[in-house]
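Student: Sequence and predicted structure are below.
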Amino acid sequence: MSAETSQAANYSSAYTREYRDLTGAFSVNQKLRFMQWNVLAQGFIPLDEFVHCSSSLLGLDRRCDQVVREILHFRPDVICLQEADFIHHLMKQLEASGLSYCFQFSPKVDSACLGIPDNIGPDGSAIIYRSDRLQLVQSRELPLDEFAERSALFCEFRPIVEPVCSSSTFYVTSAHLKAKPSCFNIRLEQGRHLLKSLGQLAHEKHFCYPPLFICGDFNAEPHESVIKMLLGAFSQNNPEWNLHSAYAEANLGEEPEFTTWKIRESKRLSKRTEVCHTIDYVLYSPQSVQLLGVWWIPNRHHIGPHGLPSSRFPSDHLNLIADFELRRTGVDDG
């Protein structure tokens, strides 16, 4: 057991999770582990909307500690977060762990958190990465609408220790699309703007298509148009970026039963609502990336009848964890 594996064993995950290994018999040169997580903005906690989880159980220090324990247990190389208004508090705790994590943050324009008393700032998307393994080449915001009122966070990375299988940089995007079922047309437009921006990046690279990962809370179930578009947009014109969903690939083409499960009631809501569905995704380009495996979602029995968040788990969304290897490209994209 490596020192890092031994340290990870000291930090237990909130739930026992099954690892679905897709490597078969082939050897792995260098694994890249991704974590996708809408961590639930601390600014929303005072609304006290979760029926079975009092806001007294969701204090900032407690939740930061729980998020850090998940990170230290799984040791991801790249972490894509949404609703990350407590990113600076989180990074202080991560720095204390001794791991070399750095981050980029894109605050949300007109964040709803800012309208709530005693908020700690705007929520937004973040990308955390291990700076001892990855070099940040560039970071920028990709507009999700015509007026750039909402953006996705984009980073380009290069492995510091070049794997035998690749000499390429790779792209990572953390996105949070518009909520509410009735806003499906807005989400579709946001997806189109995201793909347009990625296409412009490829143009800047002289139509080079590095390995691509798009992670996020898309607020869209698998049957929705924006998901179908993201999974099929590049298939004809740019097959290098023909995206697949990591969790669907690990489950015979089917997404998990749910990635978020919340039971809420408050003055802001017209009635008690229970929502349990899949809206979070890890998308990747299989032409240049090999999916090695995923940590599967815990089932309802393991979570219990009261849903999320809970005294054990700090968010109303589950974290997705997937392992990849960059395929050999033979091209230096720098």
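Tutor: Thanks, I have the structure now.
Student: Report the contact partners of the residue nearest the centre of the chain.
Tutor: Using CA atoms, centre = their mean, the residue of the chain that lies closest to the mean C-alpha position is residue 36, 2.3 Å off. Residues in contact with residue 36 (CB atoms under 8 Å, 6 or more residues apart in numbering) are 79-80, 215-216, 280-282, 319-322. In this view, the C-beta of every residue, glycine as well, is placed from N, C-alpha and C.
Student: does it count as helix, strand or coil?
Tutor: strand (DSSP: H, G, I helix; E, B strand; the rest coil).
Student: Quick check: beta-bridge partners of it?
Tutor: When bridges are called by DSSP bridges, residue 36 pairs up with residue 80, residue 320.
Student: How about the secondary structure of residue 263?
Tutor: Put simply, residue 263 is strand when judged by three-state DSSP.
Student: which residues does it contact?
Tutor: In this structure, residue 263 makes contact with 50-52, 272-274, 306-307, judged by CB under 8 Å, 6+ apart.
Student: now those: which count as buried?
Tutor: In terms of neighbour count (16 or more other CB atoms under 10 Å), the buried residues within the contacts of residue 263 are 50-52, 307.
Student: end-to-end on stretch 111-129?
Tutor: Distance across stretch 111-129, first residue to last, is 24 Å (CA to CA, to the nearest Å).
Student: Okay, buried residues for it please.
Tutor: Applying 16+ other CB under 10 Å to stretch 111-129 flags 111-113, 116, 119-129 as buried.
Student: of these, closest to residue 189?
Tutor: Taking CB to CB as the measure, residue 125 is the one of the buried residues of stretch 111-129 closest to residue 189, at 17.9 Å.
Student: Specify the beta-bridge partners of that closest one.
Tutor: Bridge pairing for residue 125 - DSSP bridges - gives residue 106.
Student: Surely it is in contact with residue 81?
Tutor: Yes: here residue 125 lies in contact with residue 81, judged by CB atoms under 8 Å, at a distance of 6.7 Å.
Student: and for these two, which residues touch both?
Tutor: Residues within reach of residue 125 and of residue 81 at once, by CB under 8 Å, 6+ apart, are residue 174.
Student: where does the stretch 101-250 of the chain have low pLDDT?
Tutor: 162-167, 234-238 (pLDDT under 70).
Student: make it 90
Tutor: Counting by pLDDT under 90, the stretch 101-250 of the chain contains low-confidence ranges at 146-149, 161-168, 202-209, 232-241.
Student: how about the helices of it, start to end?
Tutor: For the stretch 101-250 of the chain, the helices defined by DSSP state H, counting those that start in this stretch occupy 184-204, 225-232, 246-249.
Student: picking that back up, how about the contacts of residue 36 in CSV, adding distance to residue 187 and neighbour count?
Tutor: Listed next are the contacts of residue 36 as CSV, based on distance: CB to CB, whole Å; neighbours: other CB atoms under 10 Å:
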residue, distance to residue 187, neighbour count
79, 23, 30
80, 18, 32
215, 16, 29
216, 11, 25
280, 14, 27
281, 12, 26
282, 18, 24
319, 22, 27
320, 19, 23
321, 24, 27
322, 23, 26
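Student: If we only consider the buried ones among the contacts of residue 263, which is nearest to residue 74?
Tutor: Closest approach between the buried ones among the contacts of residue 263 and residue 74, by CB to CB: residue 307, at 22.1 Å.
Student: Who does the nearest residue to the closest one once chain neighbours are set aside form a beta bridge with?
Tutor: Distance criterion CB to CB, 6 or more residues apart in numbering; nearest residue to residue 307, sequence neighbours excluded, is residue 261 at 4.3 Å. Following DSSP bridges, residue 261 is listed with bridge partners residue 276.
Student: what number of residues lie near residue 261?
Tutor: Residue 261 has 19 neighbouring residues, counting by other CB atoms under 10 Å.
Student: That one and residue 135: what is the separation?
Tutor: Going from residue 261 to residue 135 by CB to CB, to the nearest Å gives 37 Å.
Student: ok, now residue 214?
Tutor: Note on residue 214: its distance to residue 135, by CB to CB, is 21 Å.
Student: okay, those two: which has more neighbours?
Tutor: Neighbour count, other CB under 10 Å: between residue 214 and residue 135, residue 214 has more, with 27 against 13.
Student: Correct me if wrong: that one contacts residue 244.
Tutor: No: using CB under 8 Å, residue 214 is not in contact with residue 244; the gap is 10.8 Å.
Student: So for the two, which residues contact both of them?
Tutor: Contact criterion CB under 8 Å, 6+ apart; residues shared by residue 214 and residue 244: 283-284.
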